[in-house]
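**Q** sequence and computational prediction follow.
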Amino acid sequence: MISIIIPTYNEEEIIAATIAEIKNRDKENCISEIIVSDGQSTDRTVEIASNAGATVITSEKKGRAAQMNFGTSIAKGEILYFLHADSIPPENFTNYILNAIEEKYVCGCFRLVFDYDHWFLRANCWFTRFNVNVVRFGDQSLFVTKNIFKKSGGFNEDLLLMEDQEIIHRVKKTGKFTVMNTAVCTSARKYLDNGIYRLQFIFYQIWLFYYLGYSQKYLLKLHKKMIRKSKL
């Protein structure tokens with residue numbers, strides 16, 4: 001069975017729809033639970049997610065890495081599937097994951113599409129078909145067996161940014177990783193709020209500075225300064 005883990009912070013506008021779509025797209029009824037690991041939201045996220053049928057927990061430590069680790073601490077499934085609150089998995093996604101497990105893959109993700117049609121976003125998404133760490137981000141979601149997740153050490157809670165990039169390097173060392181031939185659809189809301197080219201340039205900067213060894217404090221300061229409606 002599969003445990004879905006969604007980190008949230010002030011997602012009252014979208015969380016109910018995300019949970020409903022997850023349920024609708026689980027054609028094989030393989031989900032054991034949908035866990036919403038909340039980062040102390042100040043809106044109605046917790047109430048709405050609970051009413052939508054999710055198991056809601058509140059993490060004492062805010063940040064996607066800490067919240068996702070906290071979610072795994074109560075997960076019942078032997079397969080963990082990490083999904084952002086503004087991302088919708090493909091139809092029959094649980095079947096894709098189970099088939100990958102049967103083929104001896106212990107972790108993997110889907111390709112990416114956005115819910116807004118723009119040539120630049122389409123071009124970015126085209127690269128997500130390749131099994132290359134440099135283009136692997138949390139918007140694509142991540143499945144991993146619980147055993148492998150524990151062996152890898154889980155998400156690095158010292159990281160408030162780039163935690164999705166960092167864990168990929170470790171889980172790949174423990175077993176086979178696959179990029180499945182269908183896509184998660186994620187919201188383009190950040191691009192529309194900040195400007196498509198402008199936001200991508202900021203993301204490139206953060207990505208580059210991370211690999212150049214800049215501190216999380218510096219990256220977080222840059223993120224908050226440059227990105228409108230930042231939730232970090």
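**A** Alright, I've got the coordinates.

**Q** residues in contact with the longest helix anywhere in the chain: which ones?
**A** What stands out as the longest helix in the chain, according to DSSP state H, is helix 196-211. With contacts defined as CB atoms under 8 Å, 6 or more residues apart in numbering, helix 196-211 is touched by 118, 120-121, 124, 161-162, 165, 188, 190-191, 194, 218-219, 222-223, 226-227. C-beta: built from backbone N, CA, C; applies to glycine.

**Q** the helix or strand just after that helix packs against which elements?
**A** Counting by DSSP states H and E, the next helix or strand C-terminal to helix 196-211 is helix 216-226. With contacts taken as 3 or more CB pairs under 8 Å, 6 or more residues apart in numbering; DSSP states H and E, helix 216-226 sits against helix 196-211.

**Q** just the mean pLDDT for the helix it packs on, thanks.
**A** Helix 196-211 carries an average pLDDT of 95.

**Q** how about stretch 122-136?
**A** Averaging pLDDT along stretch 122-136 yields 93.

**Q** list the buried residues in that stretch.
**A** Using 16 or more other CB atoms under 10 Å as the test for burial, stretch 122-136 gives 124-125, 128, 135-136.

**Q** can you put the residues you listed in a markdown table and add secondary structure?
**A** Formatted as a markdown table, the buried residues of stretch 122-136 follow (DSSP: H, G, I helix; E, B strand; the rest coil):
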| residue | secondary structure |
| --- | --- |
| N124 | helix |
| C125 | helix |
| T128 | helix |
| V135 | helix |
| R136 | coil |
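
**Q** now for I79: which residues touch it?
**A** With contact taken as CB under 8 Å, 6+ apart, I79 is in contact with 1-3, 97-98, 101, 143-146.

**Q** swap in 6 Å and give it another go.
**A** 2, 145 (CB atoms under 6 Å, 6 or more residues apart in numbering).

**Q** could you tell me the per-residue confidence at it?
**A** Reported pLDDT for I79: 97.

**Q** just the one 4 residues further on next, same as before
**A** On the pLDDT scale, L83 is placed at 98.

**Q** quick one: it and M226, what's the gap?
**A** Taking CB to CB, to the nearest Å as the measure, L83 falls 26 Å from M226.

**Q** and stretch 170-179, C-alpha only, in CSV?
**A** What follows is stretch 170-179, C-alpha atoms only, in CSV (Å, rounded to 0.1, in the frame of the first residue of the first chain):
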residue,chain,number,x,y,z
ARG,A,170,21.3,9.7,-1.8
VAL,A,171,18.3,7.6,-2.8
LYS,A,172,19.9,6.8,-6.1
LYS,A,173,22.9,5.2,-4.3
THR,A,174,20.6,2.7,-2.7
GLY,A,175,18.8,1.3,-5.7
LYS,A,176,17.3,1.8,-9.2
PHE,A,177,15.6,5.1,-10.0
THR,A,178,13.1,5.6,-12.8
VAL,A,179,11.4,8.6,-14.5
